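Undergrad: kindly return the folded structure for what I paste below:
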Amino acid sequence: MSGLAEDLDAIAAAGGYDKTDAVVEEAVRELLRRRPELRLSIAVEKYRTGTVSLNRAAELAGVSAEAFKAELADRGINRDAAFLDDSSREDRLETFRE
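TA: Presented below is the predicted three-dimensional model:
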């Protein structure tokens, strides 16, 4: 086992956590609280990869949809605003369902 895994196990045991996953979740929440710019970057990456819609990404980032659109433009990320054919629309919807 790596040092990190051992540390997570020790923190979980000492802190009364059921699993090490709970330790990691709390650590990530604290990281995002201390570095809110990461929230925006995570939301941009999820949007860029098609994992979330624009509105959901804006919600994750804690900004309005308009502010999120502006952030995408500032980062040079093009938004796909065209109409999709039936097959492409179903593919895109399936991505969001997963």
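
Undergrad: what's the local residue count around residue 40?
TA: Using other Cβ atoms under 10 Å, residue 40 has 19 neighbouring residues. Yep, even glycine has a C-beta here, placed from its N, CA and C like the rest.

Undergrad: hang on, isn't residue 11 packed against residue 22?
TA: No: the pair residue 11 / residue 22 is not scored as a contact, 9.8 Å apart, by Cβ atoms under 8 Å.

Undergrad: contacts for the helix ranked longest in the chain, please.
TA: For the chain, the helix that runs over the most residues, judged by DSSP state H, is helix 20-34. Contact partners of helix 20-34, identified using Cβ atoms under 8 Å, 6 or more residues apart in numbering, comprise 5, 8, 9, 11, 12, 15, 17, 38, 39, 42.

Undergrad: look up how far residue 4 lies from the residue located most distally from the centre of the chain.
TA: Distance from the centre of the chain peaks at residue 14, with 29.0 Å (Cα atoms, centre = their mean). Noted for residue 14: a distance of 16 Å to residue 4, by Cβ to Cβ, to the nearest Å.

Undergrad: what stretches of the chain score poorly on pLDDT?
TA: Applying pLDDT under 70 to the chain flags residues 1-2, 80-84, 98.

Undergrad: can you map out the helices along it?
TA: Applying DSSP H to the chain gives helices spanning 3-15, 20-34, 37-48, 54-61, 65-74, 86-97.
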